[in-house]
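S.K.: predicted model follows, preceded by the sequence.
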Amino acid sequence: MKDNRNLDFKILEALSVEYPSVYYVDLDKDTFILYRLEGDLNTEARGLAKSTNCLTQTLLDIIDIVVVDEQKEYMKRETDRKKVKKRLEAEGSFVLRYRAEPNLSGREFFEMLFVKVGDEGNAVIAFRCVDDLARQLETTMAERDLAKEELARNRVETERTLSNLSTGLWTMERREGKEPKMYMDSTIRMLLGQGFLADEEDTYQEWLGRIHNEDRKNVITSLRSMSRENFSESTYRWKHPLKGWIWLRAGGAQVESTEKDVLQYRGYVVNITESIEKEEASKKKLQSAYDSVNEKNKELQEQMQIVGGLMKSFVAIYYVDRFDGSFEEIGASDSIRELFDSKGDIQKSFLNWCYFAVKEHSRDSYIEFVNLFTLMKRIGDKEFIACEYEDSVVGWSRALWIPTDYEKGIPKHFLFAVQDIDEEKRMKNHLLEISEIDGMTKIRNRTSGQKQVSELLKERTAGLFCIMDCDHFKLINDTHGHAVGDQVLIEIANCLKQSFRDVDVTMRLGGDEFGFYITGKNTRLIYKKSVERFFSKIKKISIEQLQDINVCVSVGAVEYDGSYKTSFDELYTAADRAMYLSKKHEGNYLTFSDKEPTEASE
């Protein structure tokens, strides 16, 4: 096997940035040379990697020690030396991802990269931890479960906000053997044309019938894929009664139904016609630029004249040679130009931008997107590929790879373009906030709060879970009216926000019932003092219409030390029992549950 010092320098340099553990292997001789070994392998695996140079045995030993049982056979089969060689000859490089035993290093998800080097059976194998990437992939949109009582109370405010964004809300009900019923708010009716959708019995069919024939199948598939765990979104053309064809984006998920044998779904519709038209105009300008470059083969200055107008839509455009990584700037903002050295390698400039500007939560996806070594495989026969990321200069951006200068059907160069999408992201985040925040009290609603507490429990985060309700709240409503009752709920929510930290979770569970989770493992005495601090703020609530009546709450609490698995429902049940014991006492009262919640099943 050749000395690893003769390896292609660019490959090693690129891998060293992303992969702490790197091996140079000879697949024909079944041997390897350790190029770099840092951090990501546990102690036993590091020892094996240094004790022998037999590739097959070392990989088998590492898999037996590190990989979880359910993936061991798969990893042994996929890392078979003959299979690896055959696959590298066909693909040039590939990646295997696996889960590690959590009790070995505390990290769970890893990636093994294989890259062919030369034509003599040589390759590079590299390892790295990809926990952050795995968590991003597992994250889904929050459920949009808005209770009917909350929706009715906040409809005017919500519709006014969404109307400004050209966005409306819809609800659909499915009953076995019956046509779906669809209800759309006033914003959607205005958006889709006055007088349209007057009768909910016909709304679904009329809405579906106006979808473009080429888009209808995808929309129906999107509707059928909605569930409580899966938020589904689709973009389609819709025939407006007056404006003709417009572009809409709709999304939604299944929510809890108040009726038996009825499946209920809720979501939004937004008119994106203007955005689509701008995007199509930008594509036409880009295509015009590509055609001119291919036909006339002009120099860089000519290319700048052709594509200069695109800088209104893009904050940076570079012309990149995919073979040697050299590049030329077509146009870029000053802040981006400072970190891109046009005399150097584009990969180095990407890394500069990544570590000086790209925010940490976006770095893994950005590095994978800009990797020239895997670009051809990822783009295939697509017209372009895109990646969204957040940086400290532009905000949210969308980067694009666009192939150009084809020779025998293969692109020699690419355009790398960066588009500012910060305003679009802010709109989406605003819609997400509307779905997670209780409209009246401005704290988390039950769905959002339950999800956040469940994530903390999944991570075994110790703390105190409490639920409470307002004493004699029905009497307050009946005697002084719902407006005063609503003010009481708002004041209680304000006390929760003032009493607890950002790392704690506060939520309105429904009606006059609230919940909160105080994170951190503490003694019962410290937990009690935290709740008493909340009680002291409750005592200061002053509402003129209540006169001499004091607002009081009853609290039930359950402690969780993080030593076992449990669930939100288990904690809720235990705290609920304790709360009803508190209601036997007058005034603000706290009762701890003496019965620990049962351990949740796997």
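M.R.: Received, thanks.

S.K.: ok, the nearest residue to L581 once chain neighbours are set aside - contacts?
M.R.: Leaving aside its sequence neighbours, L581 sits nearest to T591 (C-beta to C-beta, 6 or more residues apart in numbering; 4.5 Å). (C-beta placed from N, C-alpha, C; glycine too.) Going by C-beta atoms under 8 Å, 6 or more residues apart in numbering, T591 touches V555, G556, A557, A578, M579, L581, S582.

S.K.: am I right that T591 is in a strand?
M.R.: Yes. Checked against DSSP: H, G, I helix; E, B strand; the rest coil, T591 lies within a strand.

S.K.: before we move on, back to that, which one of the contacts of T591 is nearest M182?
M.R.: Minimum separation from M182 among the contacts of T591 (C-beta to C-beta) is found for M579, which lies at 39.3 Å.

S.K.: the closest one contacts C470, doesn't it?
M.R.: No. Between M579 and C470 there is no contact under C-beta atoms under 8 Å: 11.6 Å.

S.K.: where does the prediction get shaky in the stretch 51-200 of the chain?
M.R.: Within the stretch 51-200 of the chain, the stretches with pLDDT under 70 are 51-52, 104-105, 119, 134, 136-166, 193-200.

S.K.: run through the strands of it in chain order.
M.R.: Here the stretch 51-200 of the chain has its strands, by DSSP state E, counting those that start in this stretch, at 93-99, 109-117, 122-129, 167-175, 181-184.

S.K.: same deal with the stretch 351-500 of the chain?
M.R.: Using DSSP E, counting those that start in this stretch, strands in the stretch 351-500 of the chain cover 385-390, 396-407, 410-420, 463-470.

S.K.: could you measure E433 against K217, distance?
M.R.: The gap separating E433 from K217 is 33 Å, by C-beta to C-beta, to the nearest Å.

S.K.: low-scoring stretches of the stretch 451-600 of the chain, by residue?
M.R.: For the stretch 451-600 of the chain, residues meeting the criterion pLDDT under 70 lie at 595-600.

S.K.: same thing but at 50, please
M.R.: 600 (pLDDT under 50).

S.K.: longest single helix anywhere in this structure?
M.R.: helix 273-296 (DSSP state H).

S.K.: export only the CA atoms of that one, formatted as CSV.
M.R.: Output in CSV follows, covering the C-alpha atoms of helix 273-296 (Å, rounded to 0.1, in the frame of the first residue of the first chain):
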residue,chain,number,x,y,z
THR,A,273,-48.5,34.0,-6.7
GLU,A,274,-46.3,37.1,-6.4
SER,A,275,-43.4,35.0,-5.0
ILE,A,276,-43.7,32.4,-7.7
GLU,A,277,-43.8,35.0,-10.5
LYS,A,278,-40.7,36.7,-9.1
GLU,A,279,-39.0,33.3,-8.9
GLU,A,280,-39.9,32.4,-12.4
ALA,A,281,-38.7,35.8,-13.6
SER,A,282,-35.4,35.1,-11.9
LYS,A,283,-35.1,31.7,-13.5
LYS,A,284,-35.7,33.2,-16.9
LYS,A,285,-33.0,35.7,-16.3
LEU,A,286,-30.6,33.0,-15.2
GLN,A,287,-31.5,30.8,-18.2
SER,A,288,-30.8,33.8,-20.4
ALA,A,289,-27.4,34.2,-18.8
TYR,A,290,-26.6,30.5,-19.2
ASP,A,291,-27.6,30.4,-22.9
SER,A,292,-25.5,33.5,-23.6
VAL,A,293,-22.5,32.0,-21.9
ASN,A,294,-22.8,28.6,-23.7
GLU,A,295,-23.4,30.1,-27.1
LYS,A,296,-20.8,32.9,-27.2
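
S.K.: quick one, it and strand 410-420 angle?
M.R.: When axes from the mean of the first three to the mean of the last three C-alpha atoms, to 10 degrees is applied, the directions of helix 273-296 and strand 410-420 differ by 150 degrees.

S.K.: helices and strands around helix 273-296, which ones?
M.R.: Packing contacts for helix 273-296, counted by 3 or more C-beta pairs under 8 Å, 6 or more residues apart in numbering; DSSP states H and E, involve strand 244-255, helix 300-307, strand 396-407, strand 410-420.

S.K.: can you put these in CSV and add distance to K29?
M.R.: Shown next, in CSV, are these (distance: least, C-beta to C-beta, whole Å):
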stretch, distance to K29
strand 244-255, 54
helix 300-307, 47
strand 396-407, 37
strand 410-420, 33
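
S.K.: which of those sits closest to D569?
M.R.: strand 244-255 (17.8 Å).

S.K.: that older thread, specify the beta-bridge partners of the residue nearest to L581.
M.R.: Taking DSSP bridges as the rule, T591 bridges to G556.

S.K.: what about it, distance to L191?
M.R.: 51 Å.

S.K.: what do you get for A281?
M.R.: On the measure of C-beta to C-beta, A281 and L191 end up 23 Å apart.

S.K.: which one of those two is surrounded by more residues?
M.R.: Set A281 next to L191 and count neighbours by other C-beta atoms under 10 Å: L191 wins out with 22 against 11.

S.K.: follow-up on the earlier one: confidence-wise, which of the helices and strands packed on helix 273-296 is weakest overall?
M.R.: Among the helices and strands packed on helix 273-296, helix 300-307 carries the lowest mean pLDDT, at a mean of 50.

S.K.: next secondary structure after that helix?
M.R.: strand 314-321 (DSSP states H and E).

S.K.: quick one: average pLDDT of that following strand?
M.R.: 86.

S.K.: show me what that strand is packed up against.
M.R.: helix 300-307, strand 327-332, helix 334-337, strand 410-420.

S.K.: need these in TSV with distance to S93 and mean neighbour count, can you?
M.R.: Below are the helices and strands packed on strand 314-321 laid out as TSV (distance: least, C-beta to C-beta, whole Å; neighbours: other C-beta atoms under 10 Å):
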stretch	distance to S93	mean neighbour count
helix 300-307	31	16
strand 327-332	22	19
helix 334-337	29	14
strand 410-420	17	19
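
S.K.: wait, which of the ones you listed is closest to F465?
M.R.: strand 410-420 (42.6 Å).

S.K.: residues contacting the closest one, please?
M.R.: Under C-beta under 8 Å, 6+ apart, the answer for strand 410-420 is 286, 290, 310, 313-323, 327, 330, 336, 346, 370, 375, 394-406.

S.K.: and D381, how many neighbours?
M.R.: 6.

S.K.: need the contact list for C470.
M.R.: With C-beta under 8 Å, 6+ apart, C470 has these contacts: I476, V488, L489, I492, D512, V551, C552, V553.

S.K.: let's go with 10 Å and repeat that
M.R.: Contact partners of C470, counting by C-beta atoms under 10 Å, 6 or more residues apart in numbering, are 476-477, 485, 488-489, 491-492, 511-514, 538, 551-554.

S.K.: distance of it from S225?
M.R.: Taking C-beta to C-beta as the measure, C470 falls 41 Å from S225.
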